[in-house]
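[1] Need a 3D model of the sequence below.
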Amino acid sequence: MVRWVCVISIILILLVFNSGCSTFRMLDAWRLERYGDPAKAVLRYHQIAENDPKSPSARKALLSAGDLYYEKLDRKPRAIEIYYTIVRDYPGTTEAFIASKKLGTYYFNACDYQKSQEIMSKLFNDDPCGEMGTEAQWTLSQSYEKLSDYRHAASSYYSFALLHPNDKKAVDALLQAGDIFKNKLKRENKAVDVYRLIVRVYGRNYSKAGKVWIAVKELQDMGMEVPKPDIEKQLPELRKPIHKERTDEFADMTKKHDAKAVEPSIFDGVDVDTILKNTMSVGLEGDQVGDDTIPENTILTLANVYYMSIDYLKAGAFYHQLELRNNNDPSVYWNLGNCYAKLGLFGKAKEYHEKSLKMSPKIFDNALKNAEREYSIQDYPESLDILEQIEVVAPIQRLGRIYYDMGLTYRKMDDLDNALISFEKSYAFDPTPENKDSAQHIAEILYYNRRNIANVARAEIYQDIVEDKVRSFKVQSELADLCFKYGSYKWARIKYQYVAELAPDKETALAMLVQSDIATARYGDVSLAKLELSQLKEKYGDNPVISQGFTEIEKEKNKGKDSEFLSIKWQVDKLNFVFNLLIDGLIFMISIP
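    The predicted structure follows:
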């Protein structure tokens, strides 16, 4: 009796809140779904989304429709289309996050590991310690492994264990990382570090005894010392997952905005005070890392020690403590960015690397020297890790050198596909006589390692470059296309204009000039591109090539600009929160037997 009084009360309140809105359509759709009529339920969900596309109910309805298409109606392509619509139209919402995860899982199960990796990487970076972020990272690690990208796979599995040490798959992740380091990457020293970590951290956890024994056996087989397990059965600094707030959650409506507040970090939950007191047993009673009583050089030393022992979570936590003290050493922020990168959080890594470079541009040269040092001692995976970190923050004039070093490293690792791409990128961003070595490598790989008719022809072009036979339409058009392909648009503009001078006929010359203007628009000067195209139109009249050029430039002009509906991240106010809470309560009441 009480239950139905509650149900009737909720219905009356809902009527007061929003009579005639999508509420009862949602309830009707839910009823149809519950009682086994998914086809009609889907129609009802679509009606809700179409009638009020800006409302929270719309995205909830679309997500429910997608799930029904996928699970009940066996129309997976339609479900995938709807999930993409949610991700595109409702960015930043919980529904978009859930839809992205479903897309990533779908592609993984369909063996499209590249798409799965791209989606899961974004999800993990968006919410690294949340429940769905955790699941995304596990699938991300598997995707890397399926793609034979063992360097990123080992790093991702290892990061998973550091971020989620209490997860039931944490030891499995470490064992997988150790196996990849040892057998795929031939980095026995890294494998030893991983196996020792398993023994130290989980050696007293009897539920993990079988897996710990695998690590012990691996160490013994490699003739390495087996460490003793830590006294604590579990790491004392285990933390609660940091939940990323989204645009449709109550926290957004109630949180206080403090201009001086520090942005939450994945390192916030690491108990640095306990670690410090356990490490330095003298004179620390009552002191905390956050207090000025602990010297910064002590914190920096611990950060560096943990970084060298590949415990990037603890290292990052101590570098983060220095950040909280407003430390002005650019290397601290660079190393903090490195910790984020090692944990797979490349967006945050870029943020801190850029901050470090603003403090001291010389830090870039130091990082490049570190990469070359790792190359010289034949730690090629580590060299590539460093080069990838600096690639995304490098000045454009330095990219040629970075890609050249990456190409050399990939060749040493017998990864000729990536070596070829790297050398091509190197020459695209530095197509000058000083970069002939890149052209030489391209010619060699195409001719000797990737030999077919087309590649032999391209190899001859790059050999011509090495021999300074560059003033030909064949060579310059190849270089123009190469620059355009890899986004070196300023060089592409120059090359296409030069190719137009060498073109065998007017039609080809016109096509090259139009392509030059498209490259101009691509690097951001849309006004100049339109002006030059207009001049070509005055000279040549109406021409389909010029019309296509205008079309491409308009695409660039509107790139990233969605309609007003797509660009708005709908914020949920208190009324909507209470309203949705009442709906959930009503559904719960009715569902009780």
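
[2] Show me the shaky parts of this structure.
    Low-confidence segments of the chain (pLDDT under 70): 1-24, 232-263, 280-293, 558-593.

[3] The same query, at a cut-off of 80, please.
    1-33, 35, 231-264, 277-294, 450-451, 556-593 (pLDDT under 80).

[4] Walk me through the domains of it.
    As assigned by automatic domain parsing, the chain contains the domains 1-110, 129-241, 487-562.

[5] how about a markdown table for these, with mean neighbour count and distance to residue 447 added?
    From N, CA and C alone the C-beta is placed, and that goes for glycine too. Output for the domains of the chain, formatted as a markdown table (neighbours: other Cβ atoms under 10 Å; distance: least, Cβ to Cβ, whole Å):
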| stretch | mean neighbour count | distance to residue 447 |
| --- | --- | --- |
| domain 1-110 | 18 | 36 |
| domain 129-241 | 19 | 25 |
| domain 487-562 | 17 | 23 |
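
[6] how about these, which one is nearest residue 317?
    Closest to residue 317 of the domains of the chain is domain 129-241 (Cβ to Cβ; 7.8 Å).

[7] re the thing from before, need the domains of the chain in CSV (columns: distance to residue 305).
    Output for the domains of the chain, formatted as CSV (distance: least, Cβ to Cβ, whole Å):
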stretch, distance to residue 305
domain 1-110, 36
domain 129-241, 13
domain 487-562, 40
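
[8] Please identify which of the ones you listed is closest to residue 402.
    Nearest to residue 402, of the domains of the chain and by Cβ to Cβ, is domain 487-562 at 13.1 Å.

[9] for that closest one, the distance to its chain's centre please.
    Relative to its parent chain, domain 487-562 has a centroid offset of 32 Å by Cα atoms, centre = their mean, to the nearest Å.

[10] One more: stretch 52-65?
    27 Å.

[11] Stretch 379-399 now?
    Relative to the centre of its chain, stretch 379-399 is centred 16 Å away, using Cα atoms, centre = their mean.

[12] Could you number the chain from 56 rather than 1 from now on?
    Understood, numbering begins at 56; the last thing we discussed is stretch 434-454.

[13] Pull out the buried positions in it.
    For stretch 434-454, the neighbour count (16 or more other Cβ atoms under 10 Å) marks 434-446, 448-449, 453-454 as buried.

[14] what sits up against that stretch?
    Applying Cβ atoms under 8 Å, 6 or more residues apart in numbering, the external contacts of stretch 434-454 come out as 206, 210, 240, 242, 392-393, 396-397, 401, 404-405, 408-409, 412, 419, 422-423, 425-427, 429-430, 457-458, 460-461, 464-465, 467-468, 480-481, 484-485.

[15] Against residue 369, how distant is residue 333?
    For residue 333, the distance to residue 369 equals 12 Å [Cβ to Cβ, to the nearest Å].

[16] check which helix or strand covers residue 99.
    In the assignment (DSSP states H and E), residue 99 maps to helix 93-106.

[17] and if you look at residue 91?
    Residue 91 is part of no helix or strand, with elements assigned from DSSP H and E.

[18] ok, residue 406 - contacts?
    residue 392.

[19] tell me which element it falls in.
    Going by DSSP H and E, residue 406 is in helix 401-414.

[20] Restrict stretch 485-498 to CA atoms and write it as PDB.
    Extracted in PDB, the C-alpha atoms of stretch 485-498 (Å, rounded to 0.1, in the frame of the first residue of the first chain):
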ATOM      1  CA  ASP A 485      62.600  19.100 -44.100                       C
ATOM      2  CA  PRO A 486      62.800  18.600 -47.900                       C
ATOM      3  CA  THR A 487      66.200  20.200 -48.200                       C
ATOM      4  CA  PRO A 488      69.600  19.100 -49.400                       C
ATOM      5  CA  GLU A 489      70.700  18.900 -45.700                       C
ATOM      6  CA  ASN A 490      68.300  16.000 -45.200                       C
ATOM      7  CA  LYS A 491      69.500  13.700 -48.000                       C
ATOM      8  CA  ASP A 492      70.100  10.900 -45.600                       C
ATOM      9  CA  SER A 493      66.300  10.500 -45.100                       C
ATOM     10  CA  ALA A 494      65.900  10.300 -48.900                       C
ATOM     11  CA  GLN A 495      68.700   7.700 -49.000                       C
ATOM     12  CA  HIS A 496      66.900   5.500 -46.400                       C
ATOM     13  CA  ILE A 497      63.600   5.800 -48.200                       C
ATOM     14  CA  ALA A 498      65.200   4.700 -51.500                       C
END
